[in-house]
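**Q** sequence plus predicted model, see below.
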Amino acid sequence: LIATARASPGKLTLPLTEKAPSDASDAQLAALAGCDLLRQTPEVRNWLRGVCGTGRVVLGAYCYADGPLFVRVSMAMDAIIADLVENLKEKPVIAYLCTPTDAHVCTASSKQAAQDNLRKAPAWQAMLSAVMKFAKMGLAPNRIKEDQSSSLPVVDAIVKEQGPNYCLAKRLQHWRAILSRSKGSKVSSNVAPATATASVVSNKSFALAYKGMHHFKPMEVFQGETSNAVMLGLLVNDLRNPLSAGRPENHLQNPMQLFTATAFHGGAWRTGYKFSTIGPCSAVAYIIASMLVPCWLVIYSSLQMMGWSWALFLIGSQGAASAEETISKFTYFQIAEVIHAVLGMVPSSPLTTAMQITSRVGAVQVVACASSSASRSAMLPWMTLFYIAWSVTEVIRYLYYALNTAGVQVAPLTWLRYSTFLLLYPAGVTGELGTVFTALPEMAAKATEPCGLSSSCGTLPALLVKATFAGVLVIYALGFPMLFGTMLGQRKKVLRRLKDASKEKKTK
């Protein structure tokens with residue numbers, strides 16, 4: 001505190017246990033400074049009376065202690081504040097920090113947001129909750145109820161693990177804030193968000209839960225510096241803003257609305273699930289998302305990279321036809337990427353991913369269904385073209401994904417990942433369309449015949465086959481420019497970032 005005061009334009013007044021020398025160092029002042037609120041409550045009150053005798057002051061009750069000591073220290077602060085509110089010539093401003101893990105009167109928009117977020121919650125959260133219920137740690141909906149007498153919505157975010165002492169101490173603070181406001185004092189008592197303070201994250205289970213809470217939108221855990229800055233801004237607002245709920249002259253429908261207007265709750269009021277139930281699921285979600293999912297994605301990308309490398313080897317050594325089975329298997333394996341997107345394991349759009357994989361599966365199925373020697377001979381150049389384009393692209397892409405997920409970035413590989421598509425993407429599209437076109441006569445002729453390679457292919461009416469090919473042409477005509485343009489934009493952004501990182505590294 002002394003060092004902070006020295007580095008600022010502010011003034012710090014300290015209680016001393018004995019008179020300090022006029023030339024005392026900061027270390028000597030620190031050794032003599034301080035008081036015991038529990039044992040020296042009257043002395044602290046008397047000292048504050050002398051310090052606060054003239055002018056307006058802000059009494060900030062920010063002390064905390066674990067367990068029953070929190071109730072005792074809150075009682076001590078309450079006794080001091082009650083005395084100063086009654087006896088100071090100018091009413092002091094009373095300041096508290098409310099916790100989001102409490103029951104509060106909230107807003108109608110918060111209630112609606114909680115309902116919307118519950119409805120939009122991803123499927124994996126319900127699945128995780130079902131598993132966690134076996135340990136009595138499942139999620140409960142954040143059902144905000146309305147008080148019958150006032151019709152005001154009330155959110156229950158109390159975390160029972162914090163214990164009765166914590167709740168009682170906070171009740172004392174709320175009561176004193178409301179009472180002081182009724183007696184003419186300005187009050188600043190704003191809800192502060194969940195904050196990753198040293199005392200909180202020292203508990204390993206809390207630390208894991210805090211790291212995973214962002215999965216339950218719109219929950220967010222803030223760093224201490226951010227919370228301090230925002231809460232200071234809200235304190236200044238309560239001091240300066242004539243419309244602040246903390247001013248006694250402003251009417252409130254219910255005294256508990258004092259804690260509502262400028263609540264910085266970090267999403268606790270708006271999350272779809274009850275705040276007190278998301279802790280264990282947040283911890284599990286963090287472990288899965290930060291440890292198990294990256295591990296699986298590295299394994300998946302490595303398997304795909306090896307599979308497409310083998311396909312590329314077969315094409316080069318034995319021809320495109322020899323790689324057909326390998327390419328077919330690993331193309332169908334790519335359906336897993338749709339599941340990854342649906343479960344939120346990757347940031348990709350499930351719809352876009354499904355469209356891309358479906359087009360590839362369709363191309364592979366066309367090759368499988370066109371079994372005559374004439375069709376095979378006509379398709380071979382086109383098959384070779386898109387097989388090579390696919391294989392080279394996927395070897396680079398999956399190697400990039402595997403290393404990037406593992407935290408390894410290789411600049412040349414990044415360049416290849418975002419540059420080779422300039423040639424390979426048009427080549428692949430050309431090969432796919434050429435393959436489908438050359439296979440069209442045989443597939444149309446099989447109007448009543450089962451597929452040559454698989455009886456499960458069923459029958460393909462000629463008209464439907466031709467209409468499908470026409471539809472494919474339209475989709476490619478519309479989709480190719482859009483996707484190619486998107487990839488150009490990504491290339492520009494990534495390579496610029498890569499260039500900037502290279503310059504920064506050289507500067508250092």
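**A** That came through fine. Numbering: from 1, shown residues only.

**Q** how much space between the residue nearest the centre of the chain and G266?
**A** Taking C-alpha atoms, centre = their mean as the criterion, H214 is the residue nearest the geometric centre of the chain, at 3.5 Å. With distances taken as C-beta to C-beta, to the nearest Å, H214 is found 10 Å from G266. C-beta: built from backbone N, CA, C; applies to glycine.

**Q** overlap in contacts, these two.
**A** E220, V221 (C-beta atoms under 8 Å, 6 or more residues apart in numbering).

**Q** give me the contact list for stretch 232-250.
**A** For stretch 232-250, using C-beta under 8 Å, 6+ apart, the contacting residues are 58, 93, 95, 181-182, 184-190, 252, 257-258, 260-262, 264.

**Q** which of the residues you listed are buried? Put it as a ChimeraX command.
**A** Buried residues among the contacts of stretch 232-250 (16 or more other C-beta atoms under 10 Å), as a ChimeraX selection:
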select :93,95,181,185,186,187,188,189,190,257,258,260,261,262,264
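
**Q** looking at the contacts of stretch 232-250, which are in helices?
**A** The helices in this structure, assigned by DSSP state H, contain R181, S182 from those.

**Q** where does K505 land on pLDDT?
**A** K505 is assigned a pLDDT of 69 by the prediction.

**Q** residue ranges with poor pLDDT in the stretch 51-200 of the chain?
**A** 53-54, 147 (pLDDT under 70).

**Q** number of nearby residues for the residue nearest to S419 when sequence neighbours are not counted?
**A** Nearest residue to S419 in three dimensions, chain neighbours excluded: R491, at 6.7 Å (C-beta to C-beta, 6 or more residues apart in numbering). Neighbour count of R491, defined by other C-beta atoms under 10 Å: 16.

**Q** how close does K211 get to A245?
**A** 33 Å.

**Q** what's the answer for E43, then?
**A** 34 Å.

**Q** what about these two, which has more around it?
**A** A count of neighbours by other C-beta under 10 Å puts A245 above the other of E43 and A245, at 20 against 13.

**Q** this structure: strands as residue ranges?
**A** With DSSP state E as the criterion, the chain has strands at 58-60, 93-98, 103-105, 145-146, 153-156, 187-191.

**Q** turn those strands into JSON lines, including distance to L312.
**A** Shown next, in JSON lines, are those (distance: least, C-beta to C-beta, whole Å):
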{"stretch": "strand 58-60", "distance to L312": "68"}
{"stretch": "strand 93-98", "distance to L312": "61"}
{"stretch": "strand 103-105", "distance to L312": "61"}
{"stretch": "strand 145-146", "distance to L312": "62"}
{"stretch": "strand 153-156", "distance to L312": "58"}
{"stretch": "strand 187-191", "distance to L312": "59"}
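
**Q** out of those, the one nearest I299 is which?
**A** Nearest to I299 among the strands of the chain is strand 153-156 (42.1 Å), distances taken as C-beta to C-beta.

**Q** and the closest one, what other elements does it pack with?
**A** Judged by 3 or more C-beta pairs under 8 Å, 6 or more residues apart in numbering; DSSP states H and E, the packing partners of strand 153-156 are strand 103-105, helix 108-120, strand 145-146.

**Q** buried deepest among these, which one?
**A** Compared across the helices and strands packed on strand 153-156, strand 103-105 shows the largest average neighbour count, a mean of 20 (mean count of other C-beta atoms under 10 Å).

**Q** separation between M379 and Y387?
**A** Distance from M379 to Y387, by C-beta to C-beta: 11 Å.

**Q** so what's A130 up against?
**A** Residues near A130 by C-beta under 8 Å, 6+ apart: G138.

**Q** go again using 10 Å as the cut-off
**A** G138, L139 (C-beta atoms under 10 Å, 6 or more residues apart in numbering).

**Q** mind listing the helices for the stretch 101-250 of the chain?
**A** Assignment of helices within the stretch 101-250 of the chain using DSSP state H, counting those that start in this stretch yields the ranges 108-120, 123-132, 163-182, 198-201, 204-212, 224-240.

**Q** D116 and N142 touch, don't they?
**A** No. Using C-beta atoms under 10 Å as the test, D116 is too far from N142 to be in contact (11.0 Å).

**Q** give the residues shared as contacts by those two.
**A** Listed as contacting both D116 and N142 by C-beta under 10 Å, 6+ apart are R270, G272.

**Q** could you tell me the end-to-end distance of stretch 264-284?
**A** 26 Å (C-alpha to C-alpha, to the nearest Å).

**Q** before we move on, what about stretch 237-255?
**A** End-to-end span of stretch 237-255 (C-alpha to C-alpha): 19 Å.

**Q** chain center to that stretch, what's the gap?
**A** On the basis of C-alpha atoms, centre = their mean, to the nearest Å, stretch 237-255 sits 34 Å off its chain's mean C-alpha point.

**Q** again with stretch 358-367
**A** 36 Å.

**Q** before we move on, back to that, how near is the residue nearest to S419 to L399?
**A** Look at R491 and L399: by C-beta to C-beta, they are 18 Å apart.

**Q** V71 too?
**A** As judged by C-beta to C-beta, V71 and L399 stand 59 Å apart.

**Q** swap in A113?
**A** From A113 to L399 the distance is 43 Å (C-beta to C-beta).

**Q** neighbours around G246, how many?
**A** Quick note: G246 (other C-beta under 10 Å) scores 27 neighbours.
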